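Participant: Next input, structure requested:
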Amino acid sequence: MLATLVEQPFDDKGWVFETKWDGFRLVTEKRDHAVRLWSRNGIDVTTKYAVLLPALQKIDGSCVIDGELCALDAHGRSRFQLLQNALNKKATLLYVVFDVLFMRGKDIRKKPLLERKKILRALLPSDPVLHYSEHVAEFGLREFAKAKRLHEEGVIAKRAAGLYHSGKRTREWLKFKAVHEQEVVIVGYTEPRRSRKYFGSLVLAVRDNVKKRWVYAGHVGTGFDQAELKSLYVAMQPLRTSKKPFEQEVRYEGATTWLFPKLVGEVKFTEWTSGDEMRHPVFLGLRTDKRALDVIREQA
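Facilitator: Residues are numbered from 1 along each chain as shown. Below is the predicted model:
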């Protein structure tokens, strides 16, 4: 189930509000003692995140639960950028769980949200890797102000009596972003300048699903350390192509190597310009939980 981006937070007694965690969506399927982990786009990532398995095997009985895999900074805030190093023990890994879909063979997606959350809380074992996503009823404006003050990504609003609609983006889950972040597809890179190695900046695009085409979204040249420059460069080489993915004329075309649109990344930025480019973008990292064709510009 996916949330719809909206611009204005609100107060409402029929809604609850949770932290918008900044990580990878992760669904857990537990059958007896066997646990499998699935990404948002249906990829089995059990082996990659095997560090979570001992905690999840403590759950009593079979279930399917929904949550977000996060890495925490020194202030306890989730940071997508830190997930790149989390498995190397350079950050604290946390699986934040916020919903349960099946329990002991029963489909409970048609139970109201607050009833599902009550079941979920009783289901979760005590373990430092697992975290139940708390909620606050009614006071969305206060929670959004708190998220901005703490430099968190934002707030998710959920209708308290809402059902779970698998695979659908609905208005029963809404999201308010306290910072601007956008998923992007890497469609090219420019030549490095001065002392930088590998590449200068990445050329970014998003998908226009109405016109079935790629649309230029800007260049990003910051947010990389030397190791990330090298790993990204290596990942981009098999995708090199002579075909430009969109019609727009962009900066530095003469120094650009074009790529087949496959690699998905995440950037933060200050605002969209009148020319539909991201202003002051900073690269946060690659995403493996979403297909390139699903990356559209998020608009409230």
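Participant: C-alpha from now on. contacts and neighbour counts both.
Facilitator: Fine.
Participant: and the gap between His180 and Lys197?
Facilitator: Applying CA to CA, to the nearest Å, one obtains 29 Å for the distance of His180 from Lys197.
Participant: So which of the two has more stuff around it?
Facilitator: For the pair His180 and Lys197, the greater number of neighbours falls to His180 (16 against 13), based on other CA atoms under 10 Å.
Participant: That one and Glu271 touch, don't they?
Facilitator: Yes. Because the distance of 7.1 Å satisfies CA atoms under 8 Å, His180 is recorded as touching Glu271.
Participant: Let me see the ranges of the strands in the stretch 101-250 of the chain.
Facilitator: 106-107, 130-132, 136-139, 154-159, 169-177, 180-190, 202-208, 213-220, 240-241 (DSSP state E, counting those that start in this stretch).
Participant: And those strands: which comes nearest Asp66?
Facilitator: The closest of the strands of the stretch 101-250 of the chain to Asp66 is strand 130-132. By CA to CA, the value is 10.8 Å.
Participant: what lines up beside the closest one in the sheet?
Facilitator: Paired with strand 130-132 in the same sheet, following DSSP bridges, are strand 92-103 (parallel).
Participant: With only the CA atoms kept, save the partner strand in CSV.
Facilitator: Extracted in CSV, the C-alpha atoms of strand 92-103 (Å, rounded to 0.1, in the frame of the first residue of the first chain):
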residue,chain,number,x,y,z
THR,A,92,22.7,1.4,13.3
LEU,A,93,20.2,-0.7,11.3
LEU,A,94,16.6,-0.7,12.3
TYR,A,95,13.5,-2.4,10.9
VAL,A,96,10.6,-0.2,11.6
VAL,A,97,7.3,-2.1,11.3
PHE,A,98,4.0,-0.4,10.8
ASP,A,99,1.4,-2.9,9.6
VAL,A,100,0.4,-6.5,9.5
LEU,A,101,-1.4,-8.1,6.5
PHE,A,102,-1.7,-11.8,7.4
MET,A,103,-1.5,-13.6,10.7
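Participant: Just the residues contacting that strand, thanks.
Facilitator: Here strand 92-103 makes contact (CA atoms under 8 Å, 6 or more residues apart in numbering) with 21, 52, 61-73, 83, 86-87, 107-109, 113, 116-117, 119-120, 128-134, 164.
Participant: how about that strand: buried residues?
Facilitator: By neighbour count with 16 or more other CA atoms under 10 Å, strand 92-103 contains the buried residues 92-103.
Participant: Stretch 57-66 too?
Facilitator: For stretch 57-66, the neighbour count (16+ other CA under 10 Å) marks 57, 59-60, 62-66 as buried.
Participant: Turn these into CSV, columns for pLDDT, secondary structure and distance to Ala157.
Facilitator: As requested, the buried residues of stretch 57-66 are exported to CSV (pLDDT from 0 to 100; DSSP: H, G, I helix; E, B strand; the rest coil; distance: CA to CA, whole Å):
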residue, pLDDT, secondary structure, distance to Ala157
Gln57, 95, coil, 30
Ile59, 95, coil, 27
Asp60, 91, coil, 29
Ser62, 96, coil, 28
Cys63, 97, strand, 24
Val64, 98, strand, 22
Ile65, 98, strand, 19
Asp66, 98, strand, 16
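Participant: which of those sit farthest apart?
Facilitator: Spatially, the most separated pair among the buried residues of stretch 57-66 is Asp60 and Asp66, at 16.3 Å (CA to CA).
Participant: What helix or strand is the residue nearest to Lys243 when sequence neighbours are not counted located in?
Facilitator: On the basis of CA to CA, 6 or more residues apart in numbering, the spatially nearest residue to Lys243 that is not a chain neighbour turns out to be Trp258, at 6.7 Å. Following DSSP states H and E, the helix or strand that holds Trp258 is strand 256-259.
Participant: Which helix or strand lies directly C-terminal to that strand?
Facilitator: Beyond strand 256-259 in the direction of the C-terminus, DSSP H and E gives the next helix or strand as strand 264-269.
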